[in-house]
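In: one predicted model, sequence on top.
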Amino acid sequence: WGQRIYFHSKFELYKMKIFNYSQFIKESTDLSSHYLPTYEDCVEMCSKEDSAFYESKFVVDGYNISVFNYRLAQYKDFVTPLENRSEVKAYEMRGLTFVFNNDGSIFNRFLLLEKFFNLNQVPESMYSIVKDYKIKFVNNKEDGSIASYIQLPNGKVIGKSKMGFDNEQANGINRIYKTRTDVKEFVDWCLENDIISIFEYVSPANRIVLRYLEEDLILLRMRNNSTGKHLDIKDYLDKIGTIRIAPFEDDFKDLDSLVEVTATQVDKEGVIVQTEDQYGKDFFFKIKTPWYCERHGLLTNDLYREHIIVGYILDDKIDDILGQVPEDEKEAHERINKIISIIKKSIDEKVEDIKKSYQIFLDMNSDRKEYALKYYKKDPNFGYVMQMVKGIDPYNLAKDWIRDQNARLLMSRDWLKKKDPTLFFQEPDPENEDN
C-alpha cells in the first residue's frame, strides 16, 4: 500500500465521482429546527438497549449534576436515537449537563458543542450536500480538550471538560478561571446573560499532536443557552478582551477553495467550517489537514487492515478515517460502520460478562482469597474482577479485551468473521500483514 490519504495534495479527490448521496440516507434528516433534549429525553435515550449514550452523575458542592455523553456512537444514533419518537435528536448529547436544586428539581441545563462531523463522513456532511451552503466563517481546529463553565444554584462557577469535573483537564480549566481575571470576568458575564462560552483547553501536559507551550483557554464558540443558537464572536470582542480566540477567517466564498488551501497546510489539525444551510440553520463540519492525519497515523491505506481499524474505533479516531473516504465509496462506509457495530455490541456483551463475574465476587463477601482459590483458573474474567476491585471501569476493561482479540491482522479477521460471516476481506500485503 502507498502512504497516501484521499485528499492529499489534490483537492479534486474530494470531489471525484460525486453522486447524489440521498440514496445513502436511511433516516429523515430534516435539520430545519434545532432539537434541545430535555432531561427525560436524555434518560430515555440512555435506557434504550445497546444505547450509545450514557449518564454520569456527580455531586459538586452538595448539588447533584448529570452529564450525558456517548461511546462508539454511529450516525444513526444521533439522527434517530428513539425509534418511536422521530422528533428527538441526539446531537447535543456531548457533555450536555443538568444541574439540580436540593429539592430534586432542575436548576438549569447547560449546553456544550453539538456533535458535528468531518466533511464526507456522514450523509449530511457529504461534499455534494454542503458544497452550496453559505460559508459564514472558518476557524482553526485546535488540538486540545473542550472546556466550558456551569453555575450552581449557590452562584458558584465550576469548570468542566466534556467528561465532567473529576479529571486533570477540569482541574486545569478551573485553575485558569481562578487565576486569570479576564477569563473570570468574561465567563461570569456570559453566564449572567444566558450564554455558554466554549473553549479549547490546551497545555504542554495535554498534548494530543500539536504542541502548546503554556496552559491556556482558546475561545471557540458562544451559544445562547436557551435556544442553542450560535452567536457571532465578532459581536462580543469588547467583552472577550485579551482572551485568545481560535483564529477565524470569513473570506472563503466556496468550499472548493477552502479544501484546496487546507490540503497544503502544515502544523495545523484542520478547520471547523460554520455554514448556513437551506433552512437558515447553522451547520458545522470539520476538514482535517493531510499533515495532521499523517502525523496522527490516520491513513486510509489502513481501510482493509482490520486490526488497525478496530484500534481506530477503540481510540475514537474512526471519524477521521471515514472523513477521508470519497462519498461515492458507499461500500467502504458501510463496511466500517458494520465493524463499528460489531465492536459496540461486543463491548456491551463483555461488560455484562465481567459484571456477572464481579457479582459472584461480591456474593462471596468480597473475599479475595476465597475468590482466587475458586476462580483464578476457572474464570477468564478473574483478572478483570480484580481490576474492578481497584475501581477500573468495566467498559475500559472490555475495550482492553477487544484490543487483545484484535492484536494482529489475521487474529482480527478470524474474530470478526465469527461475529459477522458476511464481512469480506482483501488479501493482506505479505510484507505488512501483521503490522
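Out: On my side now, so go ahead.

In: drop to CA atoms for contacts and neighbour counts, all remaining ones
Out: OK.

In: how about the secondary structure of L72?
Out: With DSSP: H, G, I helix; E, B strand; the rest coil as the basis, L72 sits in coil.

In: what's the neighbour count on D353?
Out: Around D353 there are 14 other residues, counting by other C-alpha atoms under 10 Å.

In: so what's the gap between the one helix or strand it maps to and the chain middle?
Out: Taking DSSP states H and E as the definition, one finds D353 inside helix 330-363. Helix 330-363 sits 18 Å away from the centroid of its parent chain (C-alpha atoms, centre = their mean, to the nearest Å).

In: whichever helix or strand comes after it: which residues count as buried?
Out: Counting by DSSP H and E, the next helix or strand C-terminal to helix 330-363 is helix 368-375. By neighbour count on 16 or more other C-alpha atoms under 10 Å, the buried set for helix 368-375 is Y371, A372, Y375.

In: ok, now how distant is the first one from Q359?
Out: What that stands for is Y371. 11 Å (C-alpha to C-alpha, to the nearest Å).

In: can you tell me what sits against stretch 307-314?
Out: 72, 302-303, 318, 336, 339-340, 343, 399, 403, 406-409, 412-413 (C-alpha atoms under 8 Å, 6 or more residues apart in numbering).

In: I'd like the buried residues of helix 368-375 written out as a markdown table, with distance to V202 and pLDDT added.
Out: Below are the buried residues of helix 368-375 laid out as a markdown table (distance: C-alpha to C-alpha, whole Å; pLDDT from 0 to 100):
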| residue | distance to V202 | pLDDT |
| --- | --- | --- |
| Y371 | 45 | 90 |
| A372 | 44 | 93 |
| Y375 | 45 | 91 |
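
In: can you tell me which of these is closest to N64?
Out: For those, the minimum distance to N64 (C-alpha to C-alpha) is 35.6 Å, reached by Y371.

In: what separation do you get for the closest one and K356?
Out: Taking C-alpha to C-alpha as the measure, Y371 falls 14 Å from K356.

In: ok, which stretches of the stretch 51-200 of the chain are helices?
Out: Secondary structure of the stretch 51-200 of the chain (DSSP state H, counting those that start in this stretch): helices at 75-79, 127-130, 168-179, 181-192.

In: tell me the helix or strand right after the helix or strand of the chain with the lowest mean pLDDT.
Out: Lowest by mean pLDDT, DSSP states H and E among the helices and strands of the chain is strand 248-249, with a mean of 71. For strand 248-249, the succeeding helix or strand toward the C-terminus, using DSSP H and E, is helix 255-262.

In: who does whichever helix or strand comes after that following helix pair up with?
Out: Where DSSP H and E defines the elements, the next helix or strand beyond helix 255-262 is strand 270-276. Under the criterion DSSP bridges, strand 270-276 sits next to strand 134-140 (antiparallel), strand 282-288 (antiparallel) in its sheet.

In: what angle do the first one and helix 255-262 make?
Out: Following axes from the mean of the first three to the mean of the last three C-alpha atoms, to 10 degrees, one obtains 10 degrees for the angle between strand 134-140 and helix 255-262.

In: same question for the last one.
Out: Comparing the axes of strand 282-288 and helix 255-262 via the same axes, to 10 degrees yields an angle of 30 degrees.

In: point out where the stretch 51-200 of the chain drops to low pLDDT.
Out: 142-143 (pLDDT under 70).

In: please enumerate the strands of the stretch 51-200 of the chain.
Out: With DSSP state E, counting those that start in this stretch as the criterion, the stretch 51-200 of the chain has strands at 53-60, 63-70, 96-100, 106-110, 117-118, 134-140, 145-151, 157-161, 195-202.

In: want to throw these into a markdown table with mean neighbour count?
Out: Listed next are the strands of the stretch 51-200 of the chain as a markdown table, based on neighbours: other C-alpha atoms under 10 Å:
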| stretch | mean neighbour count |
| --- | --- |
| strand 53-60 | 16 |
| strand 63-70 | 20 |
| strand 96-100 | 23 |
| strand 106-110 | 18 |
| strand 117-118 | 22 |
| strand 134-140 | 19 |
| strand 145-151 | 23 |
| strand 157-161 | 21 |
| strand 195-202 | 25 |
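
In: take those and write them to TSV, including distance to D379.
Out: Shown next, in TSV, are these (distance: least, C-alpha to C-alpha, whole Å):
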stretch	distance to D379
strand 53-60	28
strand 63-70	30
strand 96-100	38
strand 106-110	44
strand 117-118	41
strand 134-140	50
strand 145-151	39
strand 157-161	37
strand 195-202	43
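
In: out of the ones you listed, which gets nearest to M364?
Out: It is, among the strands of the stretch 51-200 of the chain and with distance given as C-alpha to C-alpha, strand 53-60, at 28.2 Å.
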